[in-house]
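Peer 1: predicted structure and sequence below. I'll ask about it afterward.
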Amino acid sequence: MAPNPMPAPPQDDVTRLVRSVGKFLLRNSSEGTFDLHTVLQRIGSTYGCRVEAMVNMEGLSYVITYPDLQQRTGVLHAQPSLERLDLVSEFKALNGRILGGELSAAEAVAAMDGLEESRPPYTWWMRFLGVVLFAVGFSPSMQANWHEVGMTVVLGGVMAAVYLLGERTKMIRTMLPLLASSAVALVGFGVLDIAHAHGGPVLVMVPALFVMIPGDFLCAAAAEISVGQFTVGTIRLVQSTFILMQLAGGVLLGAALSGAGLASLLDSSTVNDMPWVITAIAWIPFTIGMALTFCARLRDVGWLMLGVYVAWGVQLVTTWSFGEVAGTFAAATALTLLGVLIGSSPRRPPSLVIILGGVFVLTVGSMALRGITTLAGGHLLESFGDLATFVKVASALSFGLIVGTSIGMSILRALRPQVAQAVAAER
């Protein structure tokens, strides 16, 4: 006679809620895991439990201590991504209701399940258009001429097709950066003859590749390391480097297969003959494209655009006076301060949504990509310039994000201590 199976341990609602929220926050932690532990602690304390968590980039282990001193432990895994900004905004409202005592643990679990199962706000063809607009809006900041914009429309369409296919096909998702950059490079070299384009082929391809360049990952990694989260930051830095290597490898593969050769990857002189006002207006389709690509709520688009123009404007003015590094630091500080203060209102989107567009504007991943591809093309001295600039600007951006957050939280603590605690919990 077979022995009776062991009964399954009871799954209480607090445990289910901690697991659901923990997995959700891990999956949406592309911009850092700074306060994930705090969020879980505050949710646990709402229901009379103590929650401790050890967080790394793609997983966490937790211990829940109940009022009767019994404990439950577990481990969660989730791959960080940046696909559904609408869920990040909706979670802020849900978290406020949980911390406000409006929901029982069971009701909170049901609300989290509904959040996870919700449909994206935009159809596939709207997101396809979003990737193209995202690339086209960014292209004038790389090289302000109509030829660049025209080629970006074509290459952005190629990227959109591969990007959306990769989201739906698990088999190619891991190698998506390599496949996407290879496709963009093959079309660029073979159809558009970008080997002879102004600015060089990499500069022409960067706007189309921008949706996959891990600039935000690199900045989050540097910021995490700077505040002592060495394990998380190092893992994120390694992953960002791997993504960059895949993107660079796809560009090299496309250059080789098309016959253009690696020597064609050297930058050439740029042509900037587009009116300045067009460059300024281009951030509007950039923001709309970002909202469609990453599924931001329609009512949050204005806040995304505010972050974009604050970052761009502060960087532009400060760079004219003090140089690129100072401009990036000032812009990152102003952007993060704005996000913390505006995001403190329960009626506004979370600070992540407000600052994300500006972080993309200031992102440094394109410099690293250009440096890697130029180095692979055999242009040693030229590559050092891009890589050195990348290190300096990445450091300025990371420290700006930290300083802006510190100043913003200090202001909130001085003016509204309870609001400061709530903001810290949602970040």
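Peer 2: Structure received.
Peer 1: show me where the chain has strands.
Peer 2: Ranges of strands in the chain, per DSSP state E, are 50-55, 59-65, 71-77.
Peer 1: which residues touch Leu253?
Peer 2: Leu253 makes contacts with 178, 182, 185, as judged by CB atoms under 8 Å, 6 or more residues apart in numbering. Every residue, glycine included, has its C-beta placed from N, CA and C.
Peer 1: any of those buried? List them.
Peer 2: Among these, those buried by neighbour count (16 or more other CB atoms under 10 Å) are 178, 182, 185.
Peer 1: want to try TSV for the strands of the chain, with mean pLDDT and mean neighbour count as columns?
Peer 2: Below are the strands of the chain laid out as TSV (pLDDT from 0 to 100; neighbours: other CB atoms under 10 Å):
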stretch	mean pLDDT	mean neighbour count
strand 50-55	89	18
strand 59-65	90	18
strand 71-77	90	14
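Peer 1: just put those strands in a markdown table and tack on distance to Leu335.
Peer 2: Listed next are the strands of the chain as a markdown table, based on distance: least, CB to CB, whole Å:
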| stretch | distance to Leu335 |
| --- | --- |
| strand 50-55 | 25 |
| strand 59-65 | 28 |
| strand 71-77 | 31 |
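Peer 1: nearest to Asp300, of those?
Peer 2: Using CB to CB as the measure, strand 50-55 is the one of the strands of the chain that comes nearest Asp300, at 26.4 Å.
Peer 1: by contact count, what packs against the closest one?
Peer 2: If contacts are counted by 3 or more CB pairs under 8 Å, 6 or more residues apart in numbering; DSSP states H and E, strand 50-55 sits against helix 13-27, helix 36-46, strand 59-65.
Peer 1: could you check the angle strand 59-65 makes with the second one?
Peer 2: Yep, that's helix 36-46 we're talking about. For helix 36-46 against strand 59-65, the angle between stretch directions is 30 degrees (axes from the mean of the first three to the mean of the last three CA atoms, to 10 degrees).
Peer 1: what of the longest one?
Peer 2: Here the directions of helix 13-27 and strand 59-65 differ by 160 degrees (the same axes, to 10 degrees).
Peer 1: list the buried residues in helix 13-27.
Peer 2: Within helix 13-27, the residues that qualify as buried are 14-27, counting by 16+ other CB under 10 Å.
Peer 1: picking up where we left off before, which of the buried ones among the contacts of Leu253 lies closest to Val251?
Peer 2: Of all the buried ones among the contacts of Leu253, Ala185 has the smallest distance to Val251: 4.9 Å, by CB to CB.
Peer 1: ok, the closest one - contacts?
Peer 2: The contact partners of Ala185, by CB under 8 Å, 6+ apart, come to 201, 205, 250-251, 253-255, 258.
Peer 1: Ser104 and Ala110, how far apart?
Peer 2: Distance, Ser104 to Ala110, using CB to CB, to the nearest Å: 9 Å.
Peer 1: more neighbours: those two, which one.
Peer 2: Taking neighbours as other CB atoms under 10 Å, Ser104 and Ala110 compare with Ala110 leading, 16 against 13.
Peer 1: hang on, the earlier thing: the helices and strands packed on strand 50-55: which one's closest to Gln229?
Peer 2: With CB to CB, the closest approach to Gln229 among the helices and strands packed on strand 50-55 belongs to helix 36-46: 10.2 Å.
Peer 1: just want the angle from the closest one to strand 50-55.
Peer 2: Angle, helix 36-46 to strand 50-55, by the same axes, to 10 degrees: 160 degrees.
Peer 1: domain map for the chain?
Peer 2: When the chain is parsed with automatic domain parsing, its domains come out as 13-117, 124-426.
Peer 1: one step back: out of the helices and strands packed on strand 50-55, which gets nearest to Met142?
Peer 2: Of all those, helix 13-27 sits nearest to Met142, with 30.8 Å by CB to CB.
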